[in-house]
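Novice: Fold the following.
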Amino acid sequence: MSDTFSLINPRKAKLPRLAFADMKDAALGKKYSLTVSFVGSAHIKKLNNHYRNINKPTDILSFPLSKTEGEIYINLAETRKEAKKFDRDYDNFIGFLFIHGLVHLKGFDHSSTMERIEARLRKKFGI
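Specialist: Predicted coordinates:
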């Protein structure tokens, strides 16, 4: 891992072989410092409730800490459920969500502009 990218997997979950750091660099730049944590449902539910007032687990949360630093939390259990809903391969859907989180950290909200940026990144990384 680089000094601008950290991946935290305390549950030792099996993770897909995705180019997380390369995706981060493509979306946010090499100098952007990002921590990605793979957390359980209880942890992400607490975060979702605290920051969004939604008292249920979600698949991903993104938190910009500054213009050059952020955090992403991914819940693999919810991701697995959502992948089925969208008829996507589980590993591919994790990449899809990760790119979505990166674009949020870049400062975009849901819009056609955000969708265009995501589509460009997904194409670049085969997601």
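Novice: pLDDT of the longest helix seen in the chain, averaged?
Specialist: Looking across the chain with DSSP state H, the single longest helix is helix 90-105. The pLDDT scores in helix 90-105 average 94.
Novice: Buried residues, that helix. List them.
Specialist: By 16 or more other Cβ atoms under 10 Å, the buried positions in helix 90-105 come out as 91-105. Using the backbone N, CA and C atoms, a C-beta is placed for each residue, glycine as well.
Novice: before we move on, what about stretch 73-80?
Specialist: Quick answer for stretch 73-80 (16+ other Cβ under 10 Å): Tyr73, Ile74, Asn75, Leu76, Glu78, Thr79.
Novice: Would you map the strands across this structure?
Specialist: Using DSSP state E, the strands found in the chain span residues 5-8, 33-39, 60-66, 69-75.
Novice: thinking again about what came up before, pick the one among the buried residues of helix 90-105 closest to Lys12.
Specialist: The shortest gap between Lys12 and any of the buried residues of helix 90-105 belongs to Ile94, at 16.0 Å (Cβ to Cβ).
Novice: which residues sit in contact with that closest one?
Specialist: By Cβ atoms under 8 Å, 6 or more residues apart in numbering, the contact set of Ile94 is Leu15, Pro16, Leu18, Ile74, Leu76, Thr79, Ala83.
Novice: Throw the strands of the chain into CSV and include distance to Ile117 and mean pLDDT, thanks.
Specialist: Converted to CSV, those look like this (distance: least, Cβ to Cβ, whole Å; pLDDT from 0 to 100):
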stretch, distance to Ile117, mean pLDDT
strand 5-8, 20, 88
strand 33-39, 17, 95
strand 60-66, 14, 95
strand 69-75, 16, 96
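Novice: Make CSV out of those and add distance to His50.
Specialist: Formatted as CSV, those follow (distance: least, Cβ to Cβ, whole Å):
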stretch, distance to His50
strand 5-8, 19
strand 33-39, 13
strand 60-66, 10
strand 69-75, 12
